[in-house]
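>>> structure for this input, please:
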Amino acid sequence: MLQAKGDEHLDVKMTHSWFGEFSWREWFLFMRVHDLDHMRQLQAIAAALS
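Numbers count the residues shown, from 1 in each chain. Alright, predicted model coming up:
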């Protein structure tokens, strides 16, 4: 990821069963937002339990 320019092979798509087709760059950005959302959820749970 660190060495990618960002425009390589955007025509190649992966299919998510719910969200449809993603290029590698779209997939990477989707997963980053998705993971950050879950991290915030876990932090809220941890704060509520402490």
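>>> and S23, how many neighbours?
If you count neighbours by other Cβ atoms under 10 Å, S23 ends up with 16. Placement of C-beta: from N, CA and C, glycine included.
>>> that one: what's it in contact with?
S23 is in contact with 9-14, counting by Cβ atoms under 8 Å, 6 or more residues apart in numbering.
>>> any idea which helix or strand carries W27?
Using DSSP states H and E, W27 maps to helix 24-49.
>>> and that helix, what other elements does it pack with?
strand 14-16 (3 or more Cβ pairs under 8 Å, 6 or more residues apart in numbering; DSSP states H and E).
>>> list the strands paired with the strand it packs on, with their directions.
Strand 14-16 pairs in its sheet with strand 20-22 (antiparallel), by DSSP bridges.
>>> list the buried ones in stretch 16-30?
In terms of neighbour count (16 or more other Cβ atoms under 10 Å), stretch 16-30 has its buried residues at 22-24, 26.
>>> cool, stretch 31-40 as well?
Buried-residue list, stretch 31-40, by 16+ other Cβ under 10 Å: empty.
>>> what's next to that stretch, contact-wise?
Looking at stretch 31-40 with Cβ under 8 Å, 6+ apart, no contacting residue turns up.
>>> still on that earlier bit, now render the buried residues of stretch 16-30 as TSV, adding distance to A46.
Below are the buried residues of stretch 16-30 laid out as TSV (distance: Cβ to Cβ, whole Å):
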residue	distance to A46
F22	30
S23	34
W24	32
E26	30
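>>> go ahead and confirm T15 touches W27.
No - T15 lies out of contact with W27 (Cβ atoms under 8 Å); the separation is 10.3 Å.
>>> enumerate every residue touching F28.
So F28 contacts M1 (Cβ under 8 Å, 6+ apart).
>>> that one and E8, how far apart?
12 Å (Cβ to Cβ, to the nearest Å).
>>> what do you get for L2?
Here the criterion is Cβ to Cβ. By it, L2 lies 13 Å from E8.
>>> no more questions from me, cheers.
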